[in-house]
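Participant: Predicted model and sequence below, questions to follow.
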Amino acid sequence: MSAPFSVAGLIDESLALERAADWGAALQRARQALDLARDLGDPQAVAVSLVAVARFRFRLGQYDTARSLAREALALAAVDAPARADALLMLGMCAAETDALVEAEDFYLRAAELAREIGHHLLHFRALLNLALGFYLQRGSFDLALTAAEAASRIALERGLRDWAHFPLICIAWVCQITGQRPRAHASLEELDRLLDVPSIAYAYHPLLSAHLALDEGDLEAAPPLYADVRLAAEKIGEPGLNVEVRLGMSRYHRLAGDAPAALAWAEDALTVATRIGYRVLEGKAQIARARALWLIGDDAAAEADLRAAGETLARLGADFDLACARLLLAAVLHERRDPGAAPAWRVAVRSIVDGGYAFLLEQDRSLAFPLVAAHLNDPDPETAALSAALLVQLKRVPPPPLRIFTMGRFEVRRGMQTIPDLAWRHRRAGELFRLLLISAGRSLTREQVIEALWPERPPGVANTSFHQTTSALRHAIEPDLPDKFPSRYLEVEGGRVALHLPSGSWVDWEAFEQHVGKGQWEIAVALYGGELFPDDRYADWAVALRERLAQRFIEASLALAREALVTGHPQATLEAVRRALEVEPWQENAVLLGMQACLALDDRAGALRMYRKLERSLRRDLGIAPQAQVQEFYQSLCRV
């Protein structure tokens with residue numbers, strides 16, 4: 001045994017084995033510590049050991065046993081002993097897993113307060129983390145979950161708790177994935193990946209959240225292998241909740257892929273596991289997943305029954321976010337079959353969403369939610385209409401998916417992971433307006449500026465009509481599923497001005513290109529330049545200035561690469577960079593000079609001569625001038641050899 005043969009040494013070794021997910025060995029050390037503490041007759045050591053054993057009973061889903069051990073430890077521990085805070089933590093964890101969320105919050109807060117008073121940083125960290133993961137996240141209090149996780153992360157950073165630092169990142173990534181903050185979720189997972197240099201339970205959560213994000217972003221095929229990794233890890237470490245989560249993820253994957261029977265099978269499996277371990281929150285989530293699959297199959301009566309059962313369970317638990325999900329889906333099921341209870345169900349769903357601040361749900365399930373909002377905005381019942389309007393106001397504050405925009409060499413716009421099809425841009429002027437706004441100062445123009453750029457010859461009345469038709473067409477090009485009278489969060493037309501809003505996380509190739517050139521990152525910049533800006537608008541006056549500037553900056557980057565390659569003894573790479581520059585500007589004399597020097601380094605004198613003569617012809621034909629003196633002199637030196 002590598003650790004000292006003492007209660008403290010055995011506990012430390014047990015914790016290290018736990019972090020490495022070696023549960024069997026960790027439990028063995030904890031039992032040895034408890035036996036030794038009892039033999040020594042030391043109540044405080046017994047309390048510490050009881051909590052250690054309780055932790056593994058908890059991991060095995062034996063919550064009653066874990067709770068009993070923690071209560072015994074609480075009775076033995078001194079009022080200011082770390083074991084007391086640890087026992088409170090364990091009681092909170094058991095309460096959270098058995099859906100006594102209010103009780104869990106009380107235990108976590110008491111543990112956090114005691115740990116802070118006695119200056120025990122690890123226990124303070126764990127109390128905040130469990131408050132974030134075991135209470136706020138389960139309740140759907142996402143802002144509070146982030147606050148608690150960030151506080152725990154600061155403690156881990158400031159107090160050197162590196163072995164624990166990945167857990168707050170899991171919580172942050174999970175909250176951001178649920179709430180649609182995908183850039184931050186990815187950033188947290190990247191940071192988590194850097195920390196995972198030793199085996200840990202976090203290894204299972206990384207692929208789980210990565211798979212969830214893949215489904216969110218429409219990258220369906222990336223998810224199953226990740227979920228398979230999670231299943232293996234969940235079975236190995238015996239984490240009951242993970243076993244349910246991965247089944248819920250697979251159900252969602254098959255539903256999005258259009259395989260309703262497979263989605264149903266996975267949801268039923270998730271429900272079986274959740275019911276067996278007594279995890280009621282996950283049971284409610286599994287009922288929602290099964291309802292979605294049943295509805296897809298066409299059994300809306302069974303879907304309704306599942307949703308009502310889930311609603312009752314989740315309401316008792318205070319799991320407000322999952323309850324809002326169940327209520328929204330129930331309203332959709334009833335609305336589709338024109339059930340008289342559809343409007344009341346919708347009002348209940350809207351109150352849940354508005355009260356919880358869950359308007360992001362509408363964006364995440366827009367094909368289901370947007371038609372519901374549109375259908376009830378003009379409802380004859382004033383209360384229903386008012387609630388729908390209030391929900392629409394909240395939706396306007398939810399950032400839409402980021403856009404990824406390619407403008408050089410081609411025009412392509414991706415919303416999230418989905419490429420907006422060419423058919424969506426069939427109104428030619430809509431695409432022109434989008435591109436015009438994209439390169440305008442502040443991405444905003446007055447109506448008069450747009451008309452002057454796109455319809456300078458049309459009479460004012462006709463031009464105004466064209467303006468309104470084009471802005472409407474652009475609105476639908478970016479979001480084809482946006483109902484009429486819904487505000488676009490990408491395009492704002494108000495007060496005689498039109499503005500394009502790109503949400504956080506958006507990316508435009510020409511902007512990124514200029515940033516890399518400005519930083520001297522020549523290779524990245526050259527790789528980004530796919531060709532001339534807006535090839536479909538080659539003759540549009542409004543695009544000329546930027547197109548020429550980008551072309552010149554590309555030449556600048558290419559020549560910088562060519563010089564670096566020549567200096568470092570890579571003349572072939574110099575030639576490749578030179579040829580790219582000459583494709584943009586055939587009479588680029590500095591490029592030709594570098595190319596001639598590279599040919600000479602490759603012992604290709606004839607190639608160098610050909611490059612010069614081609615340049616000479618181009619300059620004479622196109623510009624009526626001769627090559628600059630430096631290039632002529634180099635050519636003449638080659639001729640004298």
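Facilitator: Structure's in. What do you need? Predicted, not measured: the structure shown is a model, and the values here were computed from it.
Participant: could you pull out the strands for the chain?
Facilitator: All strands of the chain, identified by DSSP state E, fall at 403-406, 412-415, 418-419, 444-446, 491-494, 497-500, 507-508.
Participant: Nearest residue to the middle of the chain?
Facilitator: The residue lying closest to the centre of the chain (Cα atoms, centre = their mean) is residue 182, at 1.9 Å.
Participant: Just give me the lowest mean pLDDT stretch among the strands of the chain.
Facilitator: Lowest mean pLDDT within the strands of the chain: strand 418-419, at a mean of 85.
Participant: Kindly point out the strands partnered with that one and how each is oriented relative to it.
Facilitator: For strand 418-419, the pairing partners within the sheet under DSSP bridges are strand 412-415 (antiparallel).
Participant: Distance from the chain centre to the partner strand, please.
Facilitator: 17 Å (Cα atoms, centre = their mean, to the nearest Å).
Participant: Check stretch 236-254 too.
Facilitator: In this view, stretch 236-254 has its centroid 20 Å away from the chain centroid, taken as Cα atoms, centre = their mean.
Participant: buried residues in it?
Facilitator: In terms of neighbour count (16 or more other Cβ atoms under 10 Å), stretch 236-254 has its buried residues at 237, 239-254. C-beta: built from backbone N, CA, C; applies to glycine.
Participant: what's the answer for stretch 316-327, then?
Facilitator: Residues of stretch 316-327 classed as buried by neighbour count (16+ other Cβ under 10 Å): 317-327.
Participant: Ok, stretch 573-584 next?
Facilitator: Using 16+ other Cβ under 10 Å as the test for burial, stretch 573-584 gives 573-578, 580-582, 584.
Participant: so where's the stretch 101-250 of the chain uncertain?
Facilitator: Residues of the stretch 101-250 of the chain meeting the criterion pLDDT under 70: 196-201.
Participant: Apologies, that question was intended for the chain.
Facilitator: For the chain, counting by pLDDT under 70, the residues that fall below are 1-5, 19, 21, 196-201, 641.
Participant: Helices of the stretch 451-600 of the chain, start to end?
Facilitator: With DSSP state H, counting those that start in this stretch as the definition, the stretch 451-600 of the chain shows helices at residue ranges 460-478, 509-518, 522-528, 541-567, 571-584, 589-601.
Participant: Now do the fifth one: which elements does it pack against?
Facilitator: This points to helix 571-584. Using 3 or more Cβ pairs under 8 Å, 6 or more residues apart in numbering; DSSP states H and E as the contact test, the elements touching helix 571-584 are helix 541-567, helix 589-601.
Participant: Among those helices, which comes closest to residue 402?
Facilitator: Comparing the helices and strands packed on helix 571-584 by their distance to residue 402 (Cβ to Cβ), the top pick is helix 541-567, with 22.2 Å.
Participant: Which segments of this structure make up each domain?
Facilitator: Dividing the chain into domains by automatic domain parsing, as the record does, gives the ranges 1-119, 324-397, 403-505, 513-640.
Participant: mind checking the end-to-end distance for the last one?
Facilitator: For domain 513-640, the separation between the terminal residues is 42 Å (Cα to Cα, to the nearest Å).
Participant: Just the endpoints, please. Distance across stretch 272-282?
Facilitator: The first and final residues of stretch 272-282 sit 10 Å from each other (Cα to Cα).
Participant: what comes into contact with that stretch?
Facilitator: By Cβ atoms under 8 Å, 6 or more residues apart in numbering, the residues outside stretch 272-282 that reach it are 61, 63, 97-99, 138, 240-241, 243-245, 247-248, 270, 283, 285-286, 313-314, 317, 319, 322.
Participant: now with 6 Å?
Facilitator: Here stretch 272-282 makes contact (Cβ atoms under 6 Å, 6 or more residues apart in numbering) with 61, 99, 138, 240, 243-244, 283, 286, 313, 317, 319.
Participant: Tell me the one of those nearest residue 87?
Facilitator: The nearest one, if we look at these relative to residue 87 and count by Cβ to Cβ, is residue 61, at 19.3 Å.
Participant: count of neighbours near residue 536?
Facilitator: One way to gauge burial is a neighbour count; for residue 536, by other Cβ atoms under 10 Å, it gives 14.
Participant: Give me the phi and psi for the closest residue to it other than its chain neighbours.
Facilitator: With Cβ to Cβ, 6 or more residues apart in numbering as the measure, residue 411 is the residue that lies nearest to residue 536, at 5.9 Å, once sequence neighbours are left out. The phi/psi pair for residue 411 (degrees, to the nearest 10) reads phi -120, psi 120.
Participant: how far away is residue 411 from residue 512?
Facilitator: From residue 411 over to residue 512 the distance is 16 Å, taken as Cβ to Cβ, to the nearest Å.
Participant: go on, residue 637?
Facilitator: 41 Å.
Participant: swap in residue 479?
Facilitator: Distance of residue 479 to residue 512, given as Cβ to Cβ: 24 Å.
Participant: Could you do residue 558 as well?
Facilitator: Taking Cβ to Cβ, one finds residue 558 at 17 Å from residue 512.
Participant: Those two: who's more crowded?
Facilitator: Applying other Cβ under 10 Å to residue 558 and residue 512 shows that residue 558 carries more neighbours, namely 27 against 13.
Participant: can you tell me which residues contact the closest residue to that one other than its chain neighbours?
Facilitator: Distances taken as Cβ to Cβ, 6+ apart put residue 581 closest to residue 558, at 4.0 Å, once the chain neighbours are dropped. Under the criterion of Cβ under 6 Å, 6+ apart, the contact list for residue 581 reads 555, 558-559, 588, 591.
Participant: With residue 114 instead?
Facilitator: Counting by Cβ under 6 Å, 6+ apart, residue 114 touches residue 85.
Participant: Understood, closing this out.
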